[in-house]
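K.L.:
Kindly return the folded structure for what I paste below:
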Amino acid sequence: MSGKHISGKKYRISGSVKEKALSIRKLLVENREKIRELSSQLDRNEFESRLLREINTAITSTFELPEILSLILQVLTTLVNTQGVSLLLVNETDSTLRIAESHGLSTNDIENFYIYYAKLNEGIFHEILEAKKPRFIEGGEDLAIPLLLSVPLVSRNKVIGFLNIHSMYKNRPLTNEKIELVYALASQASIAISNAQMYALMREQAIIDQCTGLYNFRYFQQKLDEEIITATNNSENLSLVILDIDHFKHVNDTWGHLYGDNVLRELANLLKRNVRAEDSVCRYGGEEFAIIFPRCDTEITFKIAERIRTRIEETTTTDRRSFFKEPITVSIGVTQFDPSINKTTLIGWADSALYWAKNNGRNRSHIYDPDLETEYEKFTKTDD
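P.N.:
Coordinates of the predicted model:
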């Protein structure tokens, strides 16, 4: 056989080659672990991104502020595993804070908040408001309530509230990943809360009379519809009062319309102070006001009407503030809803009773009487 003979001798792998192989294997294992971690992280990031998108859709699908606030805290406690959380809103009128929604706070914590932190002109929330940046609370800080992290809710470069984490569940620390989720949620919450507040303001402006601050005629019509349905379905009483300022044209002609508007505002405040919380006081038009009294019969309503009438006369006659330039009196019509009639008829009855009072001496209250219908038709309704 030609060529060199190859013997059966065994060749050993040198130590350096073996070490390299082991090193490569170890590197492969580490890389596979890193790949699994990255894959898990990507899956988690995708899950969190999808969840945040769904949350954003949910909290922007309604303009009802209570629903939005409740949803935000539900998400926060679930997503970040928080135990104690709160959502504070700024009241710009008096520069105060209120707890709009909270979870996991004790009664003592809430009381301490209003004692130490309700005012925005000082304290930790004032500092966060000025900086417009999240604040991590160090263990050494002396606080009346527990607080780990406070994130200002900023809309249109203005702080409208604070999203707070007060405590975490045991063995569930506030990690960097969770902090990033809190920031993302706070950003979404700021937009949703701001939109809801703007919607509420627009809705209020649509139903509030700008001169008196009472509900306007539009709201009166809607509310009366609702109360009629409730009274019919539940077989409950419902009464309606319409009152008119006597000789109001003389007031405007003598003292001017600016003073006349002031009189309307003063009487509006007096009306609100003399009815129940569930009663609806509305500006019916011009110098007329309407009050809806749910679950109230004519006998009780008449007594309330008389109390209002005498209170107005006494207040304007013995005016300690010297606001009223002359005594003011009102005439009042009272009626009660009957299931056999509609809203238009109910208003007509109250209107007829009012003009009977005006045409029979003024400064008096009168309950609608079907037996006087022919007499009601004789009256001429004027602005005075």
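
K.L.:
So what does residue 185 have for phi and psi?
P.N.:
For residue 185, the backbone dihedrals are phi -70, psi -40 (criterion: degrees, to the nearest 10).

K.L.:
Chain neighbours aside, what residue packs nearest to the residue nearest to the spatial centre of the chain?
P.N.:
Centrality entry for the chain: nearest residue to the mean C-alpha point is residue 65, 5.0 Å, by Cα atoms, centre = their mean. Using Cβ to Cβ, 6 or more residues apart in numbering and skipping residues adjacent in sequence, the residue nearest residue 65 is residue 196, 4.3 Å away. Where you see a C-beta, it was placed from the backbone N, CA and C, and this is true even at glycine.

K.L.:
The one you found: what's it in contact with?
P.N.:
62-65, 68 (Cβ atoms under 8 Å, 6 or more residues apart in numbering).

K.L.:
Mind picking the two most distant members of the residues you listed?
P.N.:
Maximum pairwise distance among these (Cβ to Cβ): 8.9 Å, between 62 and 65.

K.L.:
Of the contacts of residue 196, which count as buried by neighbour count?
P.N.:
63, 65, 68 (16 or more other Cβ atoms under 10 Å).

K.L.:
which one of these is nearest residue 273?
P.N.:
residue 65 (27.6 Å).

K.L.:
List the residues that contact that closest one.
P.N.:
100, 193, 196-197, 200.

K.L.:
how close does it sit to residue 291?
P.N.:
Separation of residue 65 from residue 291 (Cβ to Cβ, to the nearest Å) stands at 28 Å.

K.L.:
that's a helix at residue 153, yeah?
P.N.:
No: counting by DSSP: H, G, I helix; E, B strand; the rest coil, residue 153 is not found in a helix; it is strand.

K.L.:
ranges for the helices of the stretch 151-300 of the chain?
P.N.:
Using DSSP state H, counting those that start in this stretch, the helices of the stretch 151-300 of the chain run over 176-207, 217-234, 248-255, 257-273, 298-317.

K.L.:
and the helix or strand harbouring residue 345, how far from the chain's centre?
P.N.:
Per DSSP states H and E: residue 345 is located in helix 343-358. Distance of helix 343-358 from the chain centroid (Cα atoms, centre = their mean, to the nearest Å) equals 36 Å.

K.L.:
Low-confidence bits of the chain, can you list those?
P.N.:
For the chain, applying pLDDT under 70 flags the ranges 1-56, 58-60, 140, 380-384.

K.L.:
what domains does the record give for it?
P.N.:
44-205, 217-376 (automatic domain parsing).

K.L.:
right, and these - which one's nearest residue 211?
P.N.:
domain 217-376 (5.5 Å).

K.L.:
Now do the end-to-end distance for the closest one.
P.N.:
End-to-end distance for domain 217-376: 24 Å, by Cα to Cα, to the nearest Å.

K.L.:
Using PDB, list the CA coordinates for stretch 132-150.
P.N.:
Output of stretch 132-150 as PDB, limited to C-alpha atoms (Å, rounded to 0.1, in the frame of the first residue of the first chain):
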ATOM      1  CA  LYS A 132     -44.200  70.400  38.500                       C
ATOM      2  CA  LYS A 133     -42.100  67.300  39.000                       C
ATOM      3  CA  PRO A 134     -42.700  64.000  40.800                       C
ATOM      4  CA  ARG A 135     -41.500  63.800  44.400                       C
ATOM      5  CA  PHE A 136     -40.100  60.700  46.000                       C
ATOM      6  CA  ILE A 137     -40.500  60.800  49.800                       C
ATOM      7  CA  GLU A 138     -37.400  59.900  51.900                       C
ATOM      8  CA  GLY A 139     -37.900  57.900  55.100                       C
ATOM      9  CA  GLY A 140     -36.600  60.800  57.200                       C
ATOM     10  CA  GLU A 141     -39.200  63.300  56.100                       C
ATOM     11  CA  ASP A 142     -41.700  64.200  58.900                       C
ATOM     12  CA  LEU A 143     -45.100  63.700  57.400                       C
ATOM     13  CA  ALA A 144     -48.600  63.500  59.000                       C
ATOM     14  CA  ILE A 145     -49.600  60.800  56.400                       C
ATOM     15  CA  PRO A 146     -47.600  58.000  54.800                       C
ATOM     16  CA  LEU A 147     -46.400  58.900  51.300                       C
ATOM     17  CA  LEU A 148     -43.900  57.200  49.000                       C
ATOM     18  CA  LEU A 149     -44.400  59.100  45.700                       C
ATOM     19  CA  SER A 150     -46.500  62.000  44.600                       C
END
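
K.L.:
which parts of that stretch are buried?
P.N.:
Result for stretch 132-150 [16+ other Cβ under 10 Å]: buried residues 134-135, 137, 145-150.

K.L.:
Residues contacting it, please?
P.N.:
Contacts of stretch 132-150 (Cβ under 8 Å, 6+ apart): 84, 105, 109, 112-113, 115-117, 124-125, 127-128, 151-152, 154, 157, 159, 162-168, 174, 179, 182-183.
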